[in-house]
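Colleague: task: produce atomic coordinates for the following.
(2 chains)
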Amino acid sequence: MSRAKKYWILFTSCLYISAFTFGGGFVIIPLMRKKFVENLKWLEETEMMDLAAIAQSSPGAIAVNAAILTGYKIGGVFGAMLAMLATILPPMIIIGIISFFYVAFRENVVVNAVLKGMQAGVAAVICDVVIRMGTGVCKEKNVLFVLIMAAAFVLTFFLDVNVVYIILGCIALSVIVFFVKMGIRKKKANTSDKICAEIQEQKDCAIEEQTEVDSVEELAQEENQEIAKGEKEEEK
Amino acid sequence: MIYLELLWVFIQVGLFSIGGGYAAIPIIQSHVVEAKGWLTMTDFTDLITIAEMTPGPIAINSATFVGMQVAGIAGGIIATIGCIIPSAIIVSLLAFLYFRFRSLSFVKDTLAILRPAIVALIASAGIGILILSFWGEGGFTTDVTALNIVSVIIFFSAMFVLRKYKTNPIFVMLGSGVLGAVFYLLL
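Modeller: Residues are numbered from 1 along each chain as shown, chains lettered A, B, ... in the order given. Coordinates of the predicted model:
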């Protein structure tokens, strides 16, 4: 695909998606998923979730942020600016026109009937993507992830905790996980002699490059197995 | 200089509205209604209603609307640009950092932990809209008569086509709008 064509598809896709983000920023996630993950295959499924996380925790509108991130992946800073422009144009034009006769628009019976119908549709679109992403998380078979998902839901839905705190909490949790892993690594270094440790480090690097295993527990298990291996080598 | 004032006010709105849509409303209100007096409280309430009725982020909708009311089309454009300047800078930087460092194991783990939380946040937003659509402004009740039957029918039909045929969400939303018009206006 030529560069110009890529930019053109990016621009028109964002324009089209933005024109349909009724009902708050998160509607853009199912729409972008359909377009960029399923149709164009420009993004991975997990990548889309990462972009949603970054878009949500940065200042500004989620839809604009998500567009900037997607644009950046596809065409660097220029792509990001292009996607951003495409995302703000539809609401700007629509509000620009409506601001001349907004009282009439607000009180129009047809407009209200269509919007009330769309509200139910938007709810369905979001529920569908949640089912899809939720089963994706459960398939990883990691208890920690399921617990995080349940806890985050209770905190945000029932207790009305600000999203920012939930994201900060997740980052804090990952720092804890990081230190736990460091601890496991240190133990391993103590049980092996220097050469062994070097070999293992190389192995670790290879493993980290090869696998895309995000699961902390699985990684810890692998490392434990390696410790066992290292000890056997030592015995020999 | 009205244009510079608009630009500065909406840069602040863009910078301090973290967490999407509804986080922006109190910030816009304090600047536009209380500090500057650009809109009355009635105008502002109308603005929020219209922002919810039209596509696009509330912050962008408000910026365009306020800018146009205060200083015409140029005002609308300048206010909208102000609103997105913080995102453009901060998110581009984050995009650079993400694509550069996401293969580091610490970043990987952090993102892995964030993913389930994001699913929960999206679920929470979705259920909020679902409740609004089924029961209206009053919120969830066990009273069956309070249930909006039309919304329930549209929701389950939409769910069915989405899950069974993997229809494009945009067509599902358009279809729901058409069904809404048919049910509410003709029946």
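Colleague: the nearest residue in space to residue A:31 that is not next to it in sequence: neighbour count?
Modeller: In this structure, residue A:31 finds its nearest non-sequential neighbour in residue A:17, 4.6 Å apart by C-beta to C-beta, 6 or more residues apart in numbering or on different chains. To be clear about C-beta, it is placed using only N, CA and C from the backbone, and glycine gets the same treatment. Counted with other C-beta atoms under 10 Å in any protein chain shown, residues neighbouring residue A:17 total 28.
Colleague: cool, residue A:41 as well?
Modeller: 8.
Colleague: kindly report the same for residue B:70.
Modeller: The number of residues packed near residue B:70 is 20, by other C-beta under 10 Å.
Colleague: which helix or strand lies directly C-terminal to the helix or strand containing residue B:163?
Modeller: Assessed by DSSP states H and E, residue B:163 sits inside helix B:149-165. For helix B:149-165, the following helix or strand on the C-terminal side (DSSP H and E) is helix B:169-181.
Colleague: show me what counts as buried in that following helix.
Modeller: By 16 or more other C-beta atoms under 10 Å in any protein chain shown, the buried positions in helix B:169-181 come out as B:169-170, B:172-181.
Colleague: tell me which two in those residues are the farthest apart.
Modeller: B:169 and B:181 (19.0 Å; C-beta to C-beta).
Colleague: touching chain B at all, stretch A:121-129?
Modeller: Yes - Stretch A:121-129 reaches chain B (C-beta under 8 Å from any C-beta of the partner chain) through A:121-129.
Colleague: can you list the residues you listed in a markdown table and add neighbour count and secondary structure?
Modeller: What follows is the residues of stretch A:121-129 next to chain B, written out as a markdown table (neighbours: other C-beta atoms under 10 Å in any protein chain shown; DSSP: H, G, I helix; E, B strand; the rest coil):
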| residue | neighbour count | secondary structure |
| --- | --- | --- |
| A:121 | 32 | helix |
| A:122 | 32 | helix |
| A:123 | 28 | helix |
| A:124 | 29 | helix |
| A:125 | 32 | helix |
| A:126 | 26 | helix |
| A:127 | 22 | helix |
| A:128 | 21 | helix |
| A:129 | 25 | helix |
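Colleague: could you list the domains of chain B?
Modeller: Chain B is divided into the following domains under automatic domain parsing: B:2-101, B:105-186.
Colleague: swap that for chain A, please
Modeller: Taken from automatic domain parsing, chain A resolves into A:3-107, A:172-235.
Colleague: buried deepest among those domains, which one?
Modeller: domain A:3-107 (a mean of 21; mean count of other C-beta atoms under 10 Å in any protein chain shown).
Colleague: residue A:94 should be in a helix, yeah?
Modeller: Yes - Residue A:94 forms part of a helix when assessed by DSSP: H, G, I helix; E, B strand; the rest coil.
Colleague: quick one, what contacts the residue nearest to residue A:31?
Modeller: Going by C-beta atoms under 8 Å, 6 or more residues apart in numbering or on different chains, residue A:17 touches A:28, A:31-32, A:35, A:67, A:87, B:170.
Colleague: one step back: packing partners for the helix holding residue B:163?
Modeller: If contacts are counted by 3 or more C-beta pairs under 8 Å, 6 or more residues apart in numbering or on different chains; DSSP states H and E, helix B:149-165 sits against helix A:109-139, helix B:105-135, helix B:169-181.
Colleague: now do the buried residues in that helix.
Modeller: Residues of helix B:149-165 classed as buried: B:150-151, B:154-155, B:157-159, B:162 (neighbour count, 16+ other C-beta under 10 Å).
Colleague: tell me the angle the longest helix along chain B makes with helix B:105-135.
Modeller: Using DSSP state H, we find that the single longest helix of chain B is helix B:58-101. Orientation of helix B:58-101 against helix B:105-135 (axes from the mean of the first three to the mean of the last three C-alpha atoms, to 10 degrees) gives an angle of 150 degrees.
Colleague: from residue B:71, how far out is the spatially closest residue to residue B:183 that is not a sequence neighbour?
Modeller: Excluding its sequence neighbours, the residue lying closest to residue B:183 (C-beta to C-beta, 6+ apart) is residue B:150, at 4.5 Å. Using C-beta to C-beta, to the nearest Å, residue B:150 is found at 42 Å from residue B:71.
Colleague: quick check: pLDDT value at the closest residue to chain B within chain A.
Modeller: Of all residues in chain A, residue A:117 sits closest to chain B, at 1.5 Å by C-beta to the nearest C-beta. pLDDT for residue A:117: 89.
Colleague: quick check: it touching residue B:177?
Modeller: Yes - with contact defined as C-beta atoms under 8 Å, residue A:117 reaches residue B:177; the gap is 5.0 Å.
Colleague: ok, residue 9 - contacts?
Modeller: Defaulting to chain A. Counting by C-beta under 8 Å, 6+ apart, residue A:9 has contacts A:1, A:40.
Colleague: oops, I was thinking of chain B
Modeller: Neighbours of residue B:9 in contact, by C-beta under 8 Å, 6+ apart: B:31-32, B:36, B:79, B:82.
Colleague: could you give the mean pLDDT of the longest helix of chain B?
Modeller: 92.
Colleague: one step back: by neighbour count, which of the contacts of residue B:9 wins?
Modeller: The member of those that has the most neighbours, counting by other C-beta under 10 Å, is residue B:79 with 31 neighbours.
Colleague: quick check: closest non-adjacent residue to that residue.
Modeller: Nearest residue to residue B:79, sequence neighbours excluded (C-beta to C-beta, 6+ apart): residue B:67, at 3.1 Å.
Colleague: pLDDT weak spots in chain A?
Modeller: Within chain A, the stretches with pLDDT under 70 are A:23-24, A:191-236.
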